[in-house]
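Visitor: pasted the sequence and its predicted model underneath.
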Protein chains: 2
Amino acid sequence: MQTVKPRTMSGFLELLPKEQKVFNSMKEKVESVLRLNGLACLDTPILELSEILLAKAGGETEKQIFRVIKGDTDMTMRFDLTVPLAKYVSLYKNELTFPFRRYQIGKVFRGERPQKGRLREFYQCDADIIGDGELPIEADAEVISILSNIYTALNVDAEILVSNRKVLLGLFEEEGLTGKQNEILALLDKCEKMGKDACFKEVKELAGESAEKIFKIFEMKSLEELKNSGVQNETYKEGVSELEKVLSLLGVMNVKNAKLNLSIIRGLDYYTGTVFEGRLKEFPAISIGGGGRYENLASYFSSSKMPGVGFGMGLTRLFVLLKELGKLEIGGENYSKLAIIPIGDTESFSFNMAAKLRAENVPCEVLYSRSFKARMNAANKMGVPYIIVVGEDEVASGIFGVKNMQTGETVKVKLEEIKGVL
Amino acid sequence: MQTVKPRTMSGFLELLPKEQKVFNSMKEKVESVLRLNGLACLDTPILELSEILLAKAGGETEKQIFRVIKGDTDMTMRFDLTVPLAKYVSLYKNELTFPFRRYQIGKVFRGERPQKGRLREFYQCDADIIGDGELPIEADAEVISILSNIYTALNVDAEILVSNRKVLLGLFEEEGLTGKQNEILALLDKCEKMGKDACFKEVKELAGESAEKIFKIFEMKSLEELKNSGVQNETYKEGVSELEKVLSLLGVMNVKNAKLNLSIIRGLDYYTGTVFEGRLKEFPAISIGGGGRYENLASYFSSSKMPGVGFGMGLTRLFVLLKELGKLEIGGENYSKLAIIPIGDTESFSFNMAAKLRAENVPCEVLYSRSFKARMNAANKMGVPYIIVVGEDEVASGIFGVKNMQTGETVKVKLEEIKGVL
């Protein structure tokens, strides 16, 4: 028979079992933090009508999607979890409890050109709190605390940089630069990459004499400095006061790794207040999740105003990053704690033993039928932590040797004691 | 602003948070059984090259897919988890341990015409054991045992009907009906729906005098009868002996709900030995999962022979079915066990309390800022099992009333005792 060459497209991650198990564990830790924080879980469709998913999209998004046209139906594979959330809360508004606290972890799809490092299918994790009409500032502290809890659960050494858009926007108001605010913000957003001197020069071209004041405030790292800056503008003061409340609540919630940093901009038009971003301490230029406060989630689907605050985190991207940094501990191929290897006429006994151990919640498997050596090799290759070789003597005596595959040590126990020594 | 009417396509399940939580719990129970049985987890891409996914497909499959064409790349959304598995084991053969035991739970997509009850996006759960060159019959018993364990974990009252294709195929050989075997099997496959008399009549047209013998064996329900049937054909005997071994191992593994039933056919050309199907006891016509033994998983991708045995189970379908039967217990909207409701100047205290409880693994949330009544209503609507109202007196005394929302009962405890009374 003529065969097709098996292959997986670039940008579509496909893991070997050992790595998949590590990824699963990461995803499960994230999910358990989200649940611990009282968030509801959503699982919206991967395929939706293009009219829905592209309701607010511009030309750029349209180019980066996977579109499915079937008969008269024009569909798109979701490219984020935000538009589906906007649709969801608009559609089921009357049945939900507000503020609506939800998370969703799922694959999203980007029709990028295939190139190294660009993911075209990846897991996104979003957490948001959505208000009906209004949403108190406490919610902003909550989502930052959740992100911090996630880093702790993943044992990732990260910092969360927290800012508030109102601070700089208020300053621009006071300086009469409101008309140029987007241009200036775009420059400040790139400041880390451009270098301060180059950035300052360009800001000065737009803001003239105000550039120095802008940079002075832009670089402030404490509430005290912001409060004593002399800026009188109301928007500015509101921003500082929101920052103060958020940072204070983060302290109350024992969040140790969040700190004020006005260099966090996060794009130009979506966020309106709090913005934040997680950074690896070792590689502070790398963002590993972030988000902020937005004025209205669902203006494309509903006339109700629904302000929200939330964050997104690329789980697959974080996994790839941690793998490249050598931070992942790779273990066994499957979830077995124990492989049972029958020799002689003990196969039925071994299958029965496995069933009994599973009933006690011990993940295990029986390695049967091939040569003893082949089965020992399999146990080694799979990385099973413990094995028991069941011979006729063991069955007769009721005493089994549980061998630790790491240390080589064997302990002899009765069947009902096996669970206790794993 | 002009808005787009929010909607979700028919055939694409989208659940409210309370139902989503029940679905999640179902999926997690299934997954934990699969892990307990020592299966590795795979998570292959949702989007693959059409050349790969359609390698073995005929025209019917092509019509029922969602195709994505972007530039020069012709892609398809996966319609099952079997073709991706065939690709996977062919692609990574040298890195896997055989027999390769894997499960995968993920969404699959069928481009069906939208109509009531037809799912176009749904969760499929597959478990398979794949051999390299050969695979012992023990594997057949293992996968049936796993399916049985899943029904037990889900508290679904099901029976697993087990057959072996070799029994009837051997009988056809002996009766000189090999040329008509597919036609006869197709009729027997429909026998339940057609009714026995109509089915017998049609089989008689094809098989003549042999029809009575075929039906006599087709209706046998025990190994004893099959062994004493007088059929001498070797294929038949092999089938009976495989059935005997499988049923015996199922007994050894304490599987109580599997029984011999030759009426399980499961299509015509894929399975070659053991076949089985799970049926709800209350509605025995409804299949809730099934599978069998196949000769060669990956003939389209590899010249290596890889026999396997496994099952598939439509998780979304089972969820919808159990929901329709009123078998689902719907609980709260999110994972909180406790809602903390601050009144007076106790908000910071309450957020701190929540952080402490989460550190002890108690899922909880703070309901803040609205009227007391609005927050009590929210707690009720969300279905949180316990609440604590934190007033200034509670903070001063260090004693908190934990109210059970089901019984209305309140117990008064210290902060560090809260976890113990939930």
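Guide: Arrived safely, thanks for sending.
Visitor: how about A:Ile387, secondary structure?
Guide: The three-state assignment at A:Ile387 reads strand, by DSSP: H, G, I helix; E, B strand; the rest coil.
Visitor: and it, what does it touch?
Guide: Shown in contact with A:Ile387 (CB atoms under 8 Å, 6 or more residues apart in numbering or on different chains): A:Leu338, A:Ala339, A:Ile340, A:Ile341, A:Met376, A:Ala379, A:Val402, A:Lys403, A:Met405. Yep, even glycine has a C-beta here, placed from its N, CA and C like the rest.
Visitor: please apply the same query to A:Leu262.
Guide: Contacts for A:Leu262 (CB under 8 Å, 6+ apart) come out as A:Ser163, A:Val167, A:Leu168, A:Ile217, A:Phe218, A:Glu219, A:Met220.
Visitor: can we see that at 7 Å?
Guide: Residues near A:Leu262 by CB atoms under 7 Å, 6 or more residues apart in numbering or on different chains: A:Ser163, A:Val167, A:Leu168, A:Ile217, A:Phe218, A:Met220.
Visitor: for the residue in the stretch 1-150 of chain A positioned nearest to chain B, helix, strand, or coil?
Guide: Closest approach between the stretch 1-150 of chain A and chain B, counting by CB to the nearest CB: A:Gly38, at 3.1 Å. On the three-state scheme (three-state DSSP), A:Gly38 is labelled coil.
Visitor: how about A:Lys87?
Guide: Going by three-state DSSP: A:Lys87 is helix.
Visitor: quick check on the closest residue to A:Phe122 other than its chain neighbours: phi, psi?
Guide: Closest residue to A:Phe122 apart from its sequence neighbours, by CB to CB, 6 or more residues apart in numbering or on different chains: A:Thr316 at 3.7 Å. A:Thr316 adopts backbone torsions of phi -60, psi -40, taken as degrees, to the nearest 10.
Visitor: same deal with A:Tyr271?
Guide: Reported as degrees, to the nearest 10, the phi and psi values for A:Tyr271 are phi -80, psi 150.
Visitor: looking at this, A:Arg279 is in a helix?
Guide: No. Assignment of A:Arg279 by three-state DSSP gives strand, placing it outside any helix.
Visitor: where's the residue nearest to A:Phe122 relative to B:Phe122, distance?
Guide: A:Thr316 sits 23 Å away from B:Phe122, going by CB to CB, to the nearest Å.
Visitor: in the stretch 51-200 of chain A, what spans have low per-residue confidence?
Guide: Residues of the stretch 51-200 of chain A that meet the criterion pLDDT under 70 lie in A:58-60, A:114, A:116.
Visitor: if we can go back for a sec, can you pick the most crowded of the contacts of A:Ile387?
Guide: Most neighbours among the contacts of A:Ile387, by other CB atoms under 10 Å in any protein chain shown: A:Ile340, with 28 neighbours.
Visitor: for it, helix, strand, or coil?
Guide: When classified by three-state DSSP, A:Ile340 comes out as strand.
Visitor: show me what from the stretch 151-300 of chain A comes close to chain B.
Guide: The stretch 151-300 of chain A comes close to chain B at residues A:Leu249, A:Val252, A:Met253, A:Asn254, A:Ser299, A:Tyr300, as judged by CB under 7 Å from any CB of the partner chain.
Visitor: in helices only, show me those residues.
Guide: Taking DSSP state H, the ones among these that sit in helices are A:Leu249, A:Val252.
Visitor: biggest separation within the residues of the stretch 151-300 of chain A next to chain B, which pair?
Guide: A:Asn254 and A:Tyr300 (38.2 Å; CB to CB).
Visitor: higher neighbour count, those two?
Guide: Taking neighbours as other CB under 10 Å, A:Asn254 and A:Tyr300 compare with A:Tyr300 leading, 20 against 15.
Visitor: secondary structure class for the nearest residue to the residue of the stretch 1-150 of chain A closest to chain B once chain neighbours are set aside?
Guide: Sequence neighbours aside, B:Glu365 is the residue nearest to A:Gly38 in space, at 3.1 Å (criterion: CB to CB, 6+ apart). Here B:Glu365 takes the strand state, with states given by three-state DSSP.
Visitor: who does B:Glu365 form a beta bridge with?
Guide: B:Ala339 (DSSP bridges).
Visitor: closest to A:Leu34 among the residues of the stretch 151-300 of chain A next to chain B?
Guide: Nearest to A:Leu34, judged by CB to CB, of these is A:Met253 at 15.3 Å.
Visitor: return the residues in contact with that closest one.
Guide: A:Ala141, A:Ser145, B:Phe351, B:Asn352, B:Ala355.
Visitor: element containing A:Glu238?
Guide: Take DSSP states H and E as the rule and A:Glu238 turns out to sit in helix A:234-252.
Visitor: sheet partners, orientation included, of the following helix or strand past that helix?
Guide: Using DSSP H and E, the helix or strand that follows helix A:234-252 in sequence is strand A:258-260. Strand A:258-260 has the following strand partners under DSSP bridges: strand A:158-164 (parallel).
Visitor: ok so, going back, tell me how many other residues crowd the residue nearest to A:Gly38.
Guide: As a burial measure, B:Glu365 scores 26 neighbours (other CB under 10 Å).
Visitor: ok, it - contacts?
Guide: Counting by CB under 7 Å, 6+ apart, B:Glu365 makes contact with A:Asn37, A:Gly38, B:Ser336, B:Ala339, B:Ala354.
Visitor: any idea how far A:Glu134 is from it?
Guide: When distance is defined by CB to CB, B:Glu365 is 18 Å away from A:Glu134.
Visitor: assign a three-state SS to the nearest residue to A:Val162 once chain neighbours are set aside, would you?
Guide: In space, and not counting its chain neighbours, A:Val162 is closest to A:Phe276: 4.6 Å by CB to CB, 6+ apart. Classification of A:Phe276 by three-state DSSP places it in strand.
Visitor: doesn't A:Ile160 make contact with A:Phe276?
Guide: Yes. Under the criterion of CB atoms under 7 Å, A:Phe276 makes contact with A:Ile160 at 5.5 Å.
Visitor: shared neighbours, the two?
Guide: What both A:Phe276 and A:Ile160 touch, as defined by CB under 7 Å, 6+ apart, is the set A:Ile144.
Visitor: looking at the two, which has the bigger crowd around it?
Guide: Using other CB under 10 Å, the more surrounded residue of A:Phe276 and A:Ile160 is A:Phe276, with 27 against 24.
Visitor: and the more buried one, what does it touch?
Guide: A:Ile144, A:Ile160, A:Leu161, A:Val162, A:Ile264, A:Gly290, A:Gly291, A:Gly292.
Visitor: just the buried residues of those.
Guide: Among the contacts of A:Phe276, the ones that count as buried by 16 or more other CB atoms under 10 Å in any protein chain shown are A:Ile144, A:Ile160, A:Leu161, A:Val162, A:Ile264, A:Gly290, A:Gly291, A:Gly292.
Visitor: run through the bridge partners of the third one.
Guide: For A:Leu161, the beta-bridge assignment (DSSP bridges) gives partners A:Lys259, A:Glu277.
Visitor: in three-state terms, label the residue nearest the centre of chain A for me.
Guide: Taking CA atoms, centre = their mean, the centroid of chain A lies closest to A:Met313, which sits 3.4 Å from it. Under three-state DSSP, the three-state class of A:Met313 is strand.
Visitor: which ones are touching it?
Guide: Each residue near A:Met313 by CB under 7 Å, 6+ apart is listed here: A:Cys125, A:Ile288, A:Gly289.
Visitor: and the end-to-end length of stretch A:288-306?
Guide: Using CA to CA, to the nearest Å, the end-to-end distance of stretch A:288-306 comes to 27 Å.
Visitor: any buried residues in that stretch, and which?
Guide: A:288-294, A:297-302, A:306.
Visitor: out of those residues, list just those in strands.
Guide: The strands, defined by DSSP state E, take in A:Ile288, A:Gly289, A:Gly290, A:Gly291, A:Gly292, A:Arg293, A:Tyr294 from those.
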